[in-house]
Structures are given as structure tokens and as C-alpha cells.
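Novice: just coords:
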């Protein structure tokens, strides 16, 4: 489904040049649960951002279902992020002035869905992540684990094919982390491809494929 | 993103930061307040003057010995010119005389007033039904010598002791008995006045045989503009130059109106500067607000918002800030104009009126919305271009 060919990411020029990704080649099939692992600063978030079309490679190409996404226009990439991918971040990144329900509605708003549909879908998704009693709470009224579950519900709003998760449990205690991981696992079982960045070894038990990165290079790909 | 969602989203942001939003729009409020009250009063005065001029008579023609207002005349009308005008077809009555300013003395006090003199019978005829009416006493008659009629203001407001019918005032050390007091007209110049018989007035002020105004009434059924043209021709011959003006009530109203119009534009321009300051304020707040919400922009982009969506959200938000400022400013401006109006009426300036119309209200609201949009555009554009990865990193 996703093909990464000879991708490089280089920041800066001349003396200040830093290479974040070095000649990455990778293939991800539909329904996989991929974990990108490695020490901090190894380029794993950069790779995730490029896969999720938040960022573009300096060299090389990325394909989604045979279509070259790395040369898409800004607007085409926005449409991809809205309809095909869903993002979950380590810092949750909810909008503070909106309630849980409104945060989940937001991607559908951007996709120009009508109001009643949005409301119904958002409630359903929040119920699915176990937050039906918190729909009118603002982010600061929710615990970290609850905020991350809202973020997952938001990522699912436009029925994405892929979830991009950047250290989704990084800011959570182990119990909340497990709740989040179980939700991701369930989603994966329903056929959604999960691509997740983490440095926690014990989470690899959820993965079907592990990509190990070091200094911007893939050192090992483990298929389970 | 749909437009109603953009509006709802912008509203949500404004109401969440109520204090900041309020402070932002103060500049716009003050600018609009100043503009609305000044435009309203400016046009109100213009309209009042136009109406009054029409009231004075659509059948009257005023003739002055100079081409433009405010220019001192080089020479004056004489009996010969009056004769020439009297002979023009369609002319009914001709009133001629002098107006100027002088000091009068009453009860040991000296005050400056405007004076008019003309033949009393003509004065009566020409001014009939034009707002100059006797309140107390009687009009002057052609036989009166040391008698005068005074304006409402001269009688009641000017001196510490009010002047009554039968009292004596001094003009140029000559004693005049007050025989009549006029009803208030609404402007100070006409209310603080003294009217004299031409026979005595000419001698008193030393302008014998010279007149600085002529007023003509036109016979019923005659075309006033045609008569005015005929007067011009006749006067050109007898006066010896065309350094005079023949004004119908309509033209007079337009002339005064255009002078006031220039003043109004100037004053509104000054108010416009304060509005500009308000716009800079909005621009600054939008800039700050976008800095504060860099992260939100990143989130929106990660969720698939297009650059134009983000631009639209911020531009609409600043547009509404402008609109709210405009609404508050409009209400306060109307209140202020109405307050000035009632205050002015209380002191006898009936000409000061607040003019409020739908065009003004709608125009001001659209204008203030646009001020908001324009001042929000540039900060919004720089915000919309932010790189989502940079704004989401760290914390």
C-alpha cells in the first residue's frame, strides 16, 4: 500500500547540514501494525511525518497505492491527511477552546460533512473509546489518557485507511497507555493500518512489523 | 470547509477570548463612534439648512453684490438697480436694504448683534410665512422712526435683564423703542438681531442710497429660474458689471450645503484616522493571536485543513471583530449624536439635528467589517503559511 523508495531528508546546507534520513526503502501492506523504533534523534518522527504527508522528502519518492504522494501539491496533501490518514500525537494536540465532541467533529468539518452527521458520528466514536460521559468536557478537564482517546476518536473521524501515531503512549502512565494500545489493536483488527513511532521495547508485542532506525538509517526490519 | 462552519469557528474563538477581543475592538469602536456622530450631525445640519431655505420661500430670489460668499463686495446696489429689477417681468415685490453687525446698549450693557434694515411694508410682504413672525408686539410700519423690532435672542438671552415691549435700547447713541419681538428662528445670527426702518437705518449707519442685498418675490405661476435669468440680464446693464449673484432658495441651499459638505468631509477624515489606528490595533491583535495559536494552526493542518481554510478562519474572525466594533461604535455614535442634538436644542440651536438613515447604518457596518477583514488578512496569511511540523514540535 505504501512504498518508500530511496528517501533522504536533509536539513540545512553546507556546514550546518544534518542528515535526518539516509536512503530509506520500505514497504507497508494494508492491515499491518508497523512500529518504527530507535533512540531519540534517529529520524523516526521525520519518517512518520513523511509517510503521513505532513512533510516531504528532500530526495526519493513515496507512493500510496501506486500514486506518487511526495510530489503532490500542498492542497492534495491536505486532502490525503483528511481522508486517508489520521494522526495521533504524543502531546495529544487537542484544540483547547473546543470540547471533546467538537474536537472529534473538526476533521469532518474540514471535510464539509453536514452538522447532524458530524454530531452523530463524533458521539459514536467517543462512545467507542469509552468517553460517552465526557463529550462536553474541555481538554483541560480530561486526564492524559482520556485526552489521547479523544485524539484517537478524532483521527478516526473521516474513516481513515491508516493511523499515524507518534509516541501515543509517551506521555501516559502504563495503565492509560495500555488502554490506548488496546484501542489501536482493535482498530488494526478491523483492518486499519497502524504506523506507530515508539521507543518502548515492551510495546513491540502489538506489532506485526518492526522497523529499527539508527542515525537515519534502517538497521533492521523484523516481520512477525 | 463550509462558510457557516468557518463563521461558527471564528465566533467560538472570539467568545473564548472575550476580554482580549473587547480590548481589540476599542480602537474600532472609537473610530466608528466619531465617524457616525460627525456624519450624522453634519448631514443633519445640512438637511435642516436646506429645508429652512426652502421654507423661506421657493418663490424668493436673493441678489447679492458679490460673486461668492465671504468676499467683500467692491460696490453696492443703488436705487437704479432696484428700478431695473422692478421692471423685470414676473417680479412681484422687491425688498432692498442692508445687513451688518453693530453694538447695542441696554441697561448699561453693550452687546454685538446683527442688524437689518429695509422698508417695513416690503419686509412684511417678503418675509410673510417664512418663519420670521412676531411673537410679541407688532411689526414696524413705514412711518416708524426711532422704533425697532428685535429677535428672540436679543430680547431673552443676550442681556442680564430681558428686554420687554416698550423698553428703550441704544444704537450708535440714538434711542430706539422696542415695538416688537420675533419668534425664535433657530440660529443665533438671526435670533440675536435688530430690525430697523430703512429711512432711519440709512442715516444711522451712513450708507445712504447703497444696498448690500435685494430680495425679490416672484409672481405666482411664473418660472422662478426664468425670472432669475431675466434679473441677471437687467442687472448686468444697470450695475455695469457681472460681479453679483442671483440666487434662488434652491441654489442658496446648495451653496451653503456644499460649504458644509467640505467641512463634514474634513471632520470625517479626522475620524477616519482614529479608525485607521483601530485597524492597526486589530492587525496587531490578530498577529498576536496567530502567534498564540501557532499550535492550533499546526493541528488543523495535520487534520487536513487547506491553507485557504486557515486563512478564511482568521480573516472571518478579524472581520467579525471589526463588525462588532462597528456595531458598538454605531450605537454609541447615534446616542452621542442624539445627545448633542437635544443639548443644542435646549440652548436654542434648532439647526443641529442628528441625521440617521439605513444607508448610514448599513454602510458603517459593511465598512467596519471590511476594516477588520483587511487588517486581519496579512497576519492570517503569514499564519496560514506556517509549517505544521515546526508548530507541533516540542513542548
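Specialist: Yep, it's here. Note that the structure is a prediction, hence the values are computed from the model and not measured.
Novice: rest of the way, CA atoms for contacts and neighbours
Specialist: Fine.
Novice: what about the helices in chain A?
Specialist: A:44-51, A:74-83, A:100-110, A:115-128, A:144-155, A:174-189 (DSSP state H).
Novice: now for the second one, which elements pack on it?
Specialist: By that I understand helix A:74-83. helix B:294-302 (3 or more C-alpha pairs under 8 Å, 6 or more residues apart in numbering or on different chains; DSSP states H and E).
Novice: what's the angle from the helix it packs on to helix A:74-83?
Specialist: Taking axes from the mean of the first three to the mean of the last three C-alpha atoms, to 10 degrees, helix B:294-302 and helix A:74-83 form an angle of 80 degrees between their directions.
Novice: does helix B:294-302 come close to chain A?
Specialist: Yes - Helix B:294-302 lies within reach of chain A by C-alpha under 8 Å from any C-alpha of the partner chain, at B:295-296, B:299, B:301-302.
Novice: reformat those as TSV; add neighbour count.
Specialist: As requested, the residues of helix B:294-302 next to chain A are exported to TSV (neighbours: other C-alpha atoms under 10 Å in any protein chain shown):
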residue	neighbour count
B:295	21
B:296	21
B:299	22
B:301	25
B:302	26
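Novice: what's the closest of those to residue B:75?
Specialist: residue B:296 (77.7 Å; C-alpha to C-alpha).
Novice: what's the distance between stretch B:330-342 and the middle of its chain?
Specialist: Here the centre of stretch B:330-342 is set off from its chain's centre by 15 Å, with C-alpha atoms, centre = their mean, to the nearest Å.
Novice: buried residues of that stretch, list them for me.
Specialist: Going by neighbour count (16 or more other C-alpha atoms under 10 Å in any protein chain shown), the buried part of stretch B:330-342 is B:330-338, B:340-342.
Novice: now, the most widely separated pair of the residues you listed?
Specialist: Spanning the widest gap among the buried residues of stretch B:330-342 are B:330 and B:342, at 18.2 Å by C-alpha to C-alpha.
Novice: mind naming the longest helix for chain B?
Specialist: In chain B, assigned by DSSP H, the helix with the most residues is helix B:249-292.
Novice: that helix - contacts with which helices or strands?
Specialist: The elements that helix B:249-292 packs onto, with contact taken as 3+ C-alpha pairs under 8 Å, 6+ apart, are helix B:18-56, strand B:60-64, helix B:307-346, helix B:358-384.
Novice: repeat that for 10 Å
Specialist: helix B:18-56, strand B:60-64, strand B:245-248, helix B:294-302, helix B:307-346, helix B:358-384 (3 or more C-alpha pairs under 10 Å, 6 or more residues apart in numbering or on different chains; DSSP states H and E).
Novice: I'd like these laid out as CSV, including mean pLDDT.
Specialist: Below are those laid out as CSV (pLDDT from 0 to 100):
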stretch, mean pLDDT
helix B:18-56, 81
strand B:60-64, 86
strand B:245-248, 84
helix B:294-302, 89
helix B:307-346, 91
helix B:358-384, 88
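Novice: save these as CSV, and put in distance to residue B:271 too.
Specialist: Below are the helices and strands packed on helix B:249-292 laid out as CSV (distance: least, C-alpha to C-alpha, whole Å):
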stretch, distance to residue B:271
helix B:18-56, 5
strand B:60-64, 36
strand B:245-248, 34
helix B:294-302, 35
helix B:307-346, 12
helix B:358-384, 13
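Novice: ok, which of these comes nearest residue A:3?
Specialist: Of all the helices and strands packed on helix B:249-292, helix B:294-302 sits nearest to residue A:3, with 21.0 Å by C-alpha to C-alpha.
Novice: identify the bridge partners of the residue nearest the centre of chain A.
Specialist: For chain A, the residue sitting closest to the mean C-alpha position, by C-alpha atoms, centre = their mean, is residue A:164 at 1.6 Å. Note on residue A:164: beta-bridge partners by DSSP bridges are residue A:87, residue A:195.
Novice: could you check how far it is from residue A:137?
Specialist: Using C-alpha to C-alpha, to the nearest Å, residue A:164 is found at 25 Å from residue A:137.
Novice: likewise for residue A:34?
Specialist: Distance from residue A:34 to residue A:137, by C-alpha to C-alpha: 32 Å.
Novice: of these two, which one has the most company?
Specialist: More neighbours surround residue A:34 than the other of residue A:34 and residue A:137, with 23 against 15 (other C-alpha atoms under 10 Å in any protein chain shown).
Novice: so the more buried one makes contact with residue A:203?
Specialist: No - the pair residue A:34 / residue A:203 is not scored as a contact, 11.2 Å apart, by C-alpha atoms under 10 Å.
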